[in-house]
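Q: Only the shape, not the letters, is given here:
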């Protein structure tokens, strides 16, 4: 089951994560102005649509099944890719990217299905690491492979061929076992049927209402509590910071790398290097994790900040080093976030949990794209890396504040008990 989900996620992510690197070339094919900010806006458009639709699809998954939601996401990607592939104008491309975002969201759908099927926290943590592994693998293979293809084919026409991948994922996902839908409803119905007497029905009805209220409060506890009292909200906010740090460096990486006189294929390799390092760290960590301390979010964001600032150099070997450190920082952050997410998971609300978790990631990417779109024309191609470093520092400050509050709350509880 895990192998099928990961394989399908990789096939769906290949186009969705690989093609945005070549947006400047797509705009040239459509005779759109490159200096108008369209590169940054189109880069964040699918993420914006996914973030807007996340709440609805989370409810959809918890109501109609996580497998159904996964099939929906794969079909939505395929339709969006086909519209992009046949685009003859900028507005048709915008429609295709919007549909890709609105009806896609395979990361959240895959994680929700896995979280429903896997109850062991350690196993779930490892599986969440590997869904990120498949995404990084797509970010490695897609830019490099597509970088060679753009020499021979129009970039937009590649979307038509790549639409086959989510369709194959859709067919393969049909083999997955259907998950249990609406456990609360099942419990309520069984209680009502088993107790036919009038007085007992009243008790059953009261118990059913109590169960529903408890489930509602449980869901609210994950999403509606104050920041410092809600570990789930804390995790999601850090995911927002991490997404901003990464995405801020993506939209204008192609023109930035061209200043070093690199070819398109070489730029694809440089772009993919952080994700290569992520995979290497993941594979090595699985062998030696028992000898290492738990991954630190503070250290992960510190490594990210140092890596993006290292991009400010004019020396190409240091740029390669910066890309490698960027991957190490990404791995440390995700490893820690997935551990915390597995510890707070509630499988009956997995659709809502992972949709909102993914939504905050997308909002981080959207904000990053908007900010760099405004900053690059004014401050140049190095400004995204400075913004990324600033957000990493803000994330470290937030973690320190949360840890201090948790320590104070623990000490207060201890003194109260005494």
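A: Arrived safely, thanks for sending. Just so you know, these numbers come straight off a predicted model, no measurement behind them.
Q: what bits of this protein have low per-residue confidence?
A: Scanning the chain for pLDDT under 70 picks out 33-37, 180-231, 286-295, 344-353, 408-418.
Q: shouldn't residue 87 be in contact with residue 156?
A: Yes: applying C-beta atoms under 8 Å as the test, residue 87 and residue 156 come out as touching, 5.8 Å apart. Just so you know, the C-beta spots here come from the backbone N, C-alpha and C atoms, and that holds for glycine as well.
Q: shared neighbours of these two, which are they?
A: Any residue near both residue 87 and residue 156 by C-beta atoms under 8 Å, 6 or more residues apart in numbering counts here, and that gives 30, 93.
Q: Residue 364: what's it in contact with?
A: The neighbourhood of residue 364, defined by C-beta under 8 Å, 6+ apart, consists of 239, 240, 241, 242, 243, 244, 247.
Q: Quick check: nearest residue in space to it, chain neighbours excluded?
A: Of all residues not flanking residue 364 in the chain, residue 243 sits nearest, at 3.2 Å (C-beta to C-beta, 6 or more residues apart in numbering).
Q: tell me which element the one you found is part of?
A: Using DSSP states H and E, residue 243 falls within helix 231-247.
Q: counting contacts, what elements does that helix pack onto?
A: helix 38-64, helix 198-223, helix 297-310, helix 316-344, helix 350-379, helix 383-417 (3 or more C-beta pairs under 8 Å, 6 or more residues apart in numbering; DSSP states H and E).
Q: now the angle from that helix to helix 297-310?
A: Going by axes from the mean of the first three to the mean of the last three C-alpha atoms, to 10 degrees, helix 231-247 is angled at 20 degrees with respect to helix 297-310.
Q: after helix 231-247, next one along is what?
A: Once helix 231-247 ends, the next helix or strand along the chain (criterion: DSSP H and E) is helix 253-258.
Q: just to revisit the earlier point, you'd agree the residue nearest to residue 364 is up against residue 369?
A: No: Residue 243 lies out of contact with residue 369 (C-beta under 8 Å); the separation is 10.4 Å.
Q: Between these two, which has more neighbouring residues?
A: Using other C-beta atoms under 10 Å, the more surrounded residue of residue 243 and residue 369 is residue 369, with 27 against 22.
Q: Quick check: the residue nearest to residue 364 vs residue 109, distance?
A: The gap separating residue 243 from residue 109 is 18 Å, by C-beta to C-beta, to the nearest Å.
Q: Kindly report the same for residue 308.
A: As judged by C-beta to C-beta, residue 308 and residue 109 stand 30 Å apart.
Q: Could you check which of these two has the larger neighbour count?
A: Higher neighbour count among residue 308 and residue 109: residue 109, with 33 against 26, using other C-beta under 10 Å.
Q: and the more buried one, what element?
A: Element membership for residue 109 (DSSP H and E) is helix 106-117.
Q: Which strands or helices does that helix pack on?
A: By 3+ C-beta pairs under 8 Å, 6+ apart, helix 106-117 packs against helix 2-18, helix 38-64, helix 66-85, helix 121-149, helix 350-379.
Q: The ones you listed: which one's closest to residue 342?
A: Closest approach to residue 342 among the helices and strands packed on helix 106-117 (C-beta to C-beta): helix 121-149, 3.9 Å.
Q: in the helix or strand following the closest one, what's buried?
A: Next along the chain after helix 121-149, taking DSSP H and E as the criterion, comes helix 155-162. By 16 or more other C-beta atoms under 10 Å, the buried positions in helix 155-162 come out as 155, 156, 158, 159, 162.
Q: So what touches helix 155-162?
A: In contact with helix 155-162 (C-beta under 8 Å, 6+ apart) are residues 14-15, 19, 22, 25-26, 29-30, 81-82, 84-87, 93, 96, 146, 149-150.
Q: switch to 7 Å and redo it
A: Residues outside helix 155-162 that contact it (C-beta atoms under 7 Å, 6 or more residues apart in numbering) are 14-15, 19, 22, 25-26, 29, 81-82, 84-87, 146, 149.
Q: Could you do stretch 14-26 as well?
A: 34, 39, 42-43, 77, 81, 93, 100, 104, 135, 138-139, 141-143, 146, 150, 155-156, 159, 162, 165, 254-255, 271.
Q: Could you pick out the buried ones from those?
A: Taking 16+ other C-beta under 10 Å as the criterion, what is buried in the contacts of stretch 14-26 is 39, 42-43, 77, 81, 93, 100, 104, 135, 138-139, 141-143, 146, 150, 155-156, 159, 162, 165, 254, 271.
Q: picking up where we left off before, which one of the contacts of helix 155-162 is nearest to residue 115?
A: Using C-beta to C-beta, the contacts of helix 155-162 come closest to residue 115 at residue 14, 23.3 Å.
Q: Once you drop chain neighbours, what's closest to residue 66?
A: Of all residues not flanking residue 66 in the chain, residue 113 sits nearest, at 4.0 Å (C-beta to C-beta, 6+ apart).
Q: I'd like to know how far that neighbour sits from residue 52.
A: Distance from residue 113 to residue 52, by C-beta to C-beta: 22 Å.
Q: repeat for residue 102
A: From residue 102 to residue 52 the distance is 7 Å (C-beta to C-beta).
Q: Perfect, I'm done here.
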